[in-house]
Structure formats: C-alpha cells, structure tokens
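K.L.:
with the sequence up front, the predicted model follows.
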Amino acid sequence: RDASICRRMQGQLEAAVHQQSEDLAKLRREVQREHDVQEMRLAAFQKELEHLEEGVKAEEMQRRVGMQEEALCREADMIEDSLRREASLRDEQLRLAAEKTEEAVRREAAAEQRALLRDADVREEAVQREAAAEQRALQREADVREEA
C-alpha cells in the first residue's frame, strides 16, 4: 500500500517535472523565434542603412538600429529573468510537494505499524487466555481423575 502511494506520488511528481521541462522548452523556442525575427529586422534595418544616403537619414537610421538593439537586449533580459523566476517557483513547488508526500507516507506507515502492533497484542492476549483456559480445564480433569 505504501509502495502504491509512493509510486502514484512519484508519477505525479515526474509528470509535473516533465510538464515544467516542456513549458521551459516552449518558452525557449518562443524566445529564440522572437530573437530570430528581431535579428531579421535588424538585418533589414542594417541593409536599408547601407543604401541610404549619407548624412541625417543615415544617422537617424543608425539611432533607430541602436534603439532596436537596446530594446531587444532589454526584452531578452526580461524574458530570461521571467523564465528563471518561473523555474525557481516550480522547483520550490515540486520540493514542497515531495516533502508533503514523504511526510504523508511516513505518517501512514507509522499508523499501519501501530495498528499491526495492536492487532498482534490482541491476538497474543487471546492466545494467552485460551492457553490459561485449557490449562485450567486440564487441571480440573486431573483433579477429577485423582478424586476417582
């Protein structure tokens, strides 16, 4: 019974870990896709910049590219921080769930052991009473034979 509970809880924990891994992989793919799109945009901006005339237009485009690069870096940092926080929260949730499971299994095992000990004590008392009754019956029988 303990093993069944443990297997069930372990299965649930493994499923949660698997789901967390899938979620993190999905988020990483999304970040990579966004990064690729932004790199393509940046490349397009840079190509456009190469074709622009020198002067004010070129400087403005460079400023835009710089701002785009800064925005991309800030966005990537925010996504990474978010992923780290989410992973940390999920790790903590899994740790707490594992602790609760272990404690529940320990309590249940202790309760079962106490129940088994009570059953054994009851059986032992019954056997001792039965043995005492048989001993008295044998003694009475011996007393009756002796009188006769």
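P.N.:
Received the coordinates, thanks.

K.L.:
helices or strands up against the host helix or strand of residue 86?
P.N.:
Per DSSP states H and E, residue 86 falls inside helix 56-147. In terms of contacts (3 or more C-beta pairs under 8 Å, 6 or more residues apart in numbering; DSSP states H and E), helix 56-147 is packed against helix 2-51. Every residue, glycine included, has its C-beta placed from N, CA and C.

K.L.:
helices and strands around the helix it packs on, which ones?
P.N.:
So helix 2-51, by 3+ C-beta pairs under 8 Å, 6+ apart, packs with helix 56-147.

K.L.:
by how many degrees do the helix it packs on and helix 2-51 diverge?
P.N.:
180 degrees (axes from the mean of the first three to the mean of the last three C-alpha atoms, to 10 degrees).

K.L.:
could you list the low-confidence segments of the protein?
P.N.:
Along the chain, segments meeting pLDDT under 70 span 52-58.

K.L.:
residue furthest from the geometric center of it?
P.N.:
residue 148 (79.9 Å; C-alpha atoms, centre = their mean).
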